[in-house]
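Trainee: 3D, please:
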Amino acid sequence: MRLLIGWAALVCLLPAQEIRCPQTIETKPQTLAREAPGWKAVARDSRHELVSVTVYDGPVEENASLVPDGARKVGKKVEEFWKLDARNKRGYWLQCQYAATSLTLVRPASRGATSCVVTANPAMTLEGHAVIEAAVCK
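Mentor: Model (predicted):
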């Protein structure tokens, strides 16, 4: 019994696993839901760059997106950050959005996560947004 309690206490003290948005995703060609008379649909495999990140309080389907707690300039980069409550029973979710596709990736942040940080380079833009170089929750 003492061993089990000691193990549980140790697990609670371990840092949360780091979760990162993939920088790019590859998609298969899309198809039309219905034909456009006189037009031919041409599709190809494509690669999409990370363009936006949203942090949610609870599952993404509940639409409880969080506003960043702040932003700071680090050299020529800009970091937006969210402070997370490690005791939040609902958990936090990370949504990664990509350029030129409606597909997104979603995943829960690790239990015990205390922050999410998105680092962007405003000197480079993609679809009107600063290029995101990293999106990390830990």
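Trainee: can we go C-alpha only for contacts and neighbour counts from here?
Mentor: Noted.
Trainee: gap between the two ends of stretch 82-90?
Mentor: 16 Å (CA to CA, to the nearest Å).
Trainee: buried stuff in that stretch?
Mentor: Neighbour counts over stretch 82-90 (16 or more other CA atoms under 10 Å) mark 82, 84, 86 as buried.
Trainee: wait, doesn't the second one sit right on Ala113?
Mentor: Looking back up the chat, that one is Leu84. Yes: counting by CA atoms under 8 Å, Leu84 touches Ala113, with 6.5 Å between them.
Trainee: Can you show me the strands along the chain?
Mentor: Using DSSP state E, the strands found in the chain span residues 19-20, 24-27, 46-57, 65-66, 70-74, 77-83, 92-98, 104-108, 115-126, 129-137.
Trainee: What's opposite Asp57 in the beta bridge?
Mentor: Asp57 forms beta bridges with Tyr92, as assigned by DSSP bridges.
Trainee: And Lys83, by the same measure?
Mentor: In beta-bridge terms (that is, DSSP bridges), Lys83 pairs with Ser115.
Trainee: Tell me who's in contact with the nearest residue to Ile19 once chain neighbours are set aside.
Mentor: Spatial nearest neighbour of Ile19, excluding adjacent residues (CA to CA, 6 or more residues apart in numbering): Cys137 at 5.2 Å. Applying CA atoms under 8 Å, 6 or more residues apart in numbering, we find Cys137 in contact with 18-20, 94, 109-110, 113-117.
Trainee: And the closest residue to Gln23 other than its chain neighbours, how far from Pro22?
Mentor: Distances taken as CA to CA, 6+ apart put Leu50 closest to Gln23, at 5.2 Å, once the chain neighbours are dropped. Computed as CA to CA, the Leu50 to Pro22 distance reads 7 Å.
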